[in-house]
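*Asks:* I would like the atomic coordinates for the input below:
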Amino acid sequence: MTQRAKIDTDNGGTAGNGPPVEHRPAGLTSAEVAERVARGEVNDVPVRSSRSAVDIVRANVFTRFNAIIGVLWVVMLFVAPIQDSLFGFVIVANTGIGIVQELRAKKTLDGLAVIGEAKPTVRRDGTAAELSTSEIVLGDLIELGPGDKVVVDGVVAEADSLEVDESLLTGEADPVVKKPGDPMMSGSFVVAGGGTFTATKVGREAYAAQLAEEASRFTLVHSELRSGISTILKYVTWMMVPTATGLIISQLIVKDTNLKDSIARTVGGIVPMIPEGLVLLTSVAFAIGVVRLGRKQCLVQELPAIEGLARVDVVCLDKTGTLTEGGMDVTALRPLNGSDEAYARKVLGALGASDPHPNASLQAVVEAYPDADGWRCTEALPFSSARKYSGATFDEGGGEESSWLFGAPDVLLAEGHPALAETDHLNEQGLRVLLLARTDRGPGAPGAAEAARPTALVVLEQRLRPDASDTLAYFADQNVATKVISGDNAVSVGAVAGKLELPGAENTVDARTLPEDREKMAEVLEENAVFGRVTPQQKRDMVAALQSKGHTVAMTGDGVNDVLALKDADIGVSMGSGSEATRAVAQIVLLNNSFATLPSVVAEGRRVIGNITRVATLFLTKTVYSVLLAVLVVCSQVEYPFLPRHLTLLSTLTIGVPAFFLALAPNKERARPHFVRRVMRYAVPGGIIAGAATFTTYLLARHHYSGEGALEAETSAATLTLFLVSLWVLAIIARPYTWWRLALVATMAGAFLLVLVVPWLQDFFALKLVGTTMPWAAAAIAATGAALLEIAWRWVDRRFPA
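*Replies:* Numbers count the residues shown, from 1 in each chain. Below is the predicted model:
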């Protein structure tokens, strides 16, 4: 929360001491609070950071494909040996893993959400204290300062130059000045000044009930990965229905064979068409990502944000609080025009004491010059990021009165003023410079800035984050453009960027010179990297301009002036110490306030996207060859070559187990768009080659074998071909090779060999190679298929580049 202090008025309180407490509303008494709690007038809306446990179980269990496989499993339990029902147990295990991993993610998110929860300051019995939003009752008096979010609806009770941004509600970017009696809408936030308001609507009646849930809900939407998989599954379903119908007719009606065996082979043809593990692995990969990032104090408020940040190619950074630490120190006070330094110190002390909610710059002044010298503040103007200065009028005693402005020298001084040369010199050293100026008009009066007479320069030094340089280097290495966008003086911003060795720091752009036309602004943004004197509205315009050029933009920030840009960016990243408003609209909150956590988020997203793309190719290759085999069987009027146990074995060794390891492996490959196209361009030719090679072996085996046991021998030969071709698909997907990937492929091959040579495994899986001619022919056909795979995939790479 922002620093709290008593609200100053002009009725005789001295700067920093405010009016007597009895003149301020005391808020509700403890007895009144208890009464309201008893009546249920409490703000008890549950703000869920994640899906409920029931939702997670329901989402994992009640799926379209689980329903299809469940029915087939029940049928198989009645008509075939248990080994032909293994596929059902695999689904149960998969569903269990999915539920456990998502519950782990939920636990992580819920724990982090409590850490990052906004705690408004509520005044009760005349004492202010921070409370959870769920403890607010009807009629509570809630204090506000810059950056605070209005958490319930109410009416203004006290206002000290209170300016509220209602853009999240109305779309209007201009702050609204609030006076006592004005309504306050939950979801708005304070941009300047301070005050209090009385809660008039709490719980589900308040707009915050909807807004808070929208801001922090654990969602599974707006993800190219998920929408792509949904599209694929939709097409798979369309293919499955006619193919499965044809297979059922051909196996149960046309072929006059054992009924139970026909049912088993029909089920064996339908089950592998379903890429059941693909959705599970995507959920698990995301969930594990959330847990991993949670350990690094990174709260992912929307799950696809992990994926989204990995797709980002431009990161917009706010200098203050992102590249620099929040604290600042006054390093020098330089009087101008022969001004008295001691007098300037008194003015600064009084200015610091006049603002109950000082920003970081004024807080440094408060710490450096704590003596207000008994001056009385008669008018105060809080700092505004749009205005770039604050001010106050003081009664110095003895009938003396003076008005002062404190802010950006290049805003308060005319172009070419001698003091600006010294300011530029200091800015070039990475120092922040503010001007103390006297004015003949009230600080809020029109033309006050134009009438300013410079008195002293206050030199401030910002502390650079020790990890900022390495983080910027990481983004540069990953081909992610970094744009530093700050409200500070352009030269000062450029100096800080230069210290961090950011490319383009020497060509800093003053945002006041930026063209308003979006197309032209985008060109300037693409050519430059560091921008100073950026207004909150310009930050929003700059994000939109970059997006208009096809960039995926991430915006980081911690201040109120960053909210609009955070909301419009593809991914908003807020610091945990940032204002409640920024935390509410950001998809990712860095609770440890460390910008250095971002590379971890990018790496996690790239791991998820890159690996799921690989794994999806494995699953969909199986779907394609299963559909093709079913079509060929129907057209040829032959028995389906496989029992469910054969395809369970093949799926486990060439897809299930390898996919689990590949989905969770490190992957630094930059995320690319068009997920569906990139997966299908490999899966379709791979599936066609695998299906054609397998059916060729099966037909040869039907001519080669005869008599009792012929069908089992034919199935074994076809299984060998399909396993070897599928293993080669896995070998291609596993590239580029590392020791563990080679070991993974070799282990899967060894496991299949074990099944072929161990007698009880041969019996269990009904796999026994008969003779030598046909097994070697099956291997030769598989080798031809592997060669065709290499040729086809190389041709696809050239013909349909990703």
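*Asks:* what separates Trp375 from Pro443, distance-wise?
*Replies:* Taking CB to CB, to the nearest Å as the criterion, Trp375 is separated from Pro443 by 14 Å. No exception for glycine: its C-beta is placed from N, CA and C like everyone else's.
*Asks:* Show me which of the two is the more surrounded one.
*Replies:* Regarding Trp375 and Pro443, a neighbour count based on other CB atoms under 10 Å identifies Trp375 as having more, with 25 against 22.
*Asks:* I'd assumed Leu348 was in contact with that one.
*Replies:* No: at 11.2 Å, Trp375 and Leu348 do not qualify as touching, with contact defined as CB atoms under 8 Å.
*Asks:* So for stretch 631-642, what gets flagged as buried?
*Replies:* Residues of stretch 631-642 classed as buried: 631-634, 638-642 (neighbour count, 16 or more other CB atoms under 10 Å).
*Asks:* My read is that Thr721 contacts Trp776, right?
*Replies:* No: look at Thr721 against Trp776 with CB under 8 Å: they stay out of range, at 11.3 Å.
*Asks:* Mind checking which of those two has more residues around it?
*Replies:* Summary of the neighbour comparison: Thr721 and Trp776, criterion other CB under 10 Å, with Thr721 having more neighbours (28 against 12).
*Asks:* Any buried residues in whichever strand or helix holds that one, and which?
*Replies:* Assignment of secondary structure by DSSP states H and E places Thr721 within helix 710-733. For helix 710-733, the buried set under the neighbour-count rule, 16+ other CB under 10 Å, comprises 711, 713-731, 733.
*Asks:* Same check on stretch 178-195?
*Replies:* Residues of stretch 178-195 classed as buried by neighbour count (16+ other CB under 10 Å): 178, 182, 184-195.
*Asks:* ok, so of the residues you listed, who is nearest Arg24?
*Replies:* The shortest distance between Arg24 and any of those, using CB to CB, involves Gly195 and amounts to 11.2 Å.
*Asks:* packing partners for the helix holding Thr721?
*Replies:* Judged by 3 or more CB pairs under 8 Å, 6 or more residues apart in numbering; DSSP states H and E, the packing partners of helix 710-733 are helix 598-636, helix 644-651, helix 675-704, helix 739-757, helix 773-799.
*Asks:* just checking, Ala451 is part of a strand?
*Replies:* No: counting by DSSP: H, G, I helix; E, B strand; the rest coil, Ala451 falls outside a strand, being coil.
*Asks:* In this structure it contacts Arg441, no?
*Replies:* Yes: under the contact definition of CB under 8 Å, Ala451 touches Arg441, with a separation of 5.4 Å.
*Asks:* where along the stretch 1-150 of the chain do the strands fall?
*Replies:* Secondary structure of the stretch 1-150 of the chain by DSSP state E, counting those that start in this stretch: the strands cover 121-124, 127-130, 141-144.
*Asks:* Please identify the most buried of those.
*Replies:* Mean neighbours per residue, mean count of other CB atoms under 10 Å, is largest over the strands of the stretch 1-150 of the chain for strand 141-144, with a mean of 25.
*Asks:* Name the helix or strand of the chain that has the lowest mean pLDDT.
*Replies:* The helix or strand of the chain with the lowest confidence, counting by mean pLDDT, DSSP states H and E, is helix 208-216 at a mean of 47.
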